[in-house]
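Q: quick one: sequence and predicted model below, then my questions.
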Amino acid sequence: MTASIIDGKALSDAVKADVAKRVQELKTTGIVPGLAVVLVGEDPASQVYVRNKAAACEKAGLHSRVVRLDADISEQELLDVVHQLNDDDEIDGILVQLPLPRDMDSARVIETIAAAKDVDGFHISNAGLLMTGRPLFRPCTPYGIMKMLESENVSLWGAEAVIVGASNIVGKPMAMLMLAAGATVTLCNSKTRDLGAQTRRADVLVVATGKPGMVTGDMIKPGAVVIDVGINRNDDGKLVGDVDFASASQVAGAITPVPGGVGPMTIAMLLVNTLEAAERRAAHHHPAPVGL
Ligand SMILES: Nc1nc(=O)c2c([nH]1)NC[C@@H]1CN(c3ccc(C(=O)N[C@@H](CCC(=O)O)C(=O)O)cc3)C=[N+]21
């Protein structure tokens, strides 16, 4: 069998075109959605992502602001910047690029972002809302994966979903979204005893470990849908996922490529979340009557 390739780039373009349309509608009410991206330090990979996010905002008509801070800034200075953005009426969404340098307490920084502006969905309030079935912001990567499965008509109702990697930003929220969609969810981690025995049960397999080539074709059930969240740069500078694409695509029914799979969807869903934050602001916004 040769898997069909799930085109995340094409779907992300469609999602962003829809966002652009809704942004134009919102602008007729006088509201422009605004995203602030805070980048601490000069990690080259982070620079690329931040540039891509700003470009995507511009193209869809959102206002974006990149706040660049020195790597040696104190945690308190970073918290002050976050407070200012919380109070800034032009900003609907705040994203602090992770990982933060050195000894900074990223949990403390994330908990300082106003939950209503936490378009990453990483704040404990948003994690709790998601877990209890009334999400405000869904974390962008798992949200994008749900969109991809929906667009491929993959039903999760009663399906076996196996997730490899239990991070707060991908694995755990992914499990919550798939559970809510009716899947029986298995969440594996680095201690899982026989990983292949778990992954071979999956109708839908999500791999988010940060280890290139971790999942190979022999670990996949024939015909399964395989979602590769990994973005690793190998020795010759090429981007590769956490799944060994060559062997996996011989067994899977459908698979996401790297690049051009999950990554572009993550950015598209960031725009969706920012738009929705602005739409909620519009719903609460009551301009003073003319003449008063
Ligand atoms: N607070 C926070 N929120 C994030 O969402 C966040 C973050 N921190 N830190 C870093 C990671 C990484 N991330 C990516 C998004 C898109 C692509 C993407 O579009 N990738 C392209 C390739 C880009 C390239 O060529 O390098 C693709 O897969 O096709 C990659 C990586 C968001 N992150």
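A: Okay, I see it. Numbers count the residues shown, from 1 in each chain.

Q: could you give the number of residues near the nearest residue to Val82 once chain neighbours are set aside?
A: Among residues not flanking Val82 along the chain, Thr112 sits closest, at 4.7 Å (C-beta to C-beta, 6 or more residues apart in numbering). (C-beta placed from N, C-alpha, C; glycine too.) Neighbourhood size, Thr112 [other C-beta atoms under 10 Å]: 19.

Q: so Thr112 is in contact with Leu79, correct?
A: Yes. Here Thr112 reaches Leu79: they are 5.3 Å apart, a contact under C-beta atoms under 8 Å.

Q: contacts only, for the residue of the chain found nearest the ligand.
A: Nearest to the ligand, among the residues of the chain, is Gly263, at 2.3 Å (C-beta to the nearest ligand atom). Neighbouring residues of Gly263 by C-beta atoms under 8 Å, 6 or more residues apart in numbering: 8, 231.

Q: tell me if it really is in a helix.
A: Yes. Under DSSP: H, G, I helix; E, B strand; the rest coil, Gly263 falls within a helix.

Q: Thr132 versus that one, what's the distance?
A: Distance of Gly263 to Thr132, given as C-beta to C-beta, to the nearest Å: 29 Å.

Q: buried set for whatever helix or strand Asp18 lives in?
A: Element membership of Asp18 [criterion: DSSP states H and E] is helix 8-27. By neighbour count on 16 or more other C-beta atoms under 10 Å, the buried set for helix 8-27 is 8, 11-12, 15-16, 19, 22-23, 26.

Q: quick one: the helix or strand where Glu150 lies to helix 8-27, angle?
A: Using DSSP H and E, Glu150 falls within helix 140-151. Going by axes from the mean of the first three to the mean of the last three C-alpha atoms, to 10 degrees, helix 140-151 is angled at 100 degrees with respect to helix 8-27.

Q: helix 140-151 close to the ligand?
A: Yes. Against the ligand, helix 140-151 shows contacts by C-beta under 6 Å from any ligand atom at Cys140.

Q: which helices and strands sit right next to that helix?
A: Packed against helix 140-151 by the contact rule (3 or more C-beta pairs under 8 Å, 6 or more residues apart in numbering; DSSP states H and E) you find helix 8-27, helix 171-180, strand 225-228, helix 262-284.

Q: the helix or strand that that helix is followed by to helix 171-180, inter-axis angle?
A: Next helix or strand after helix 140-151 toward the C-terminus (DSSP H and E): strand 160-164. Per the same axes, to 10 degrees, the angle that strand 160-164 makes with helix 171-180 is 170 degrees.

Q: so where is this structure shaky, pLDDT-wise?
A: Within the chain, the segments meeting pLDDT under 70 span 291-292.
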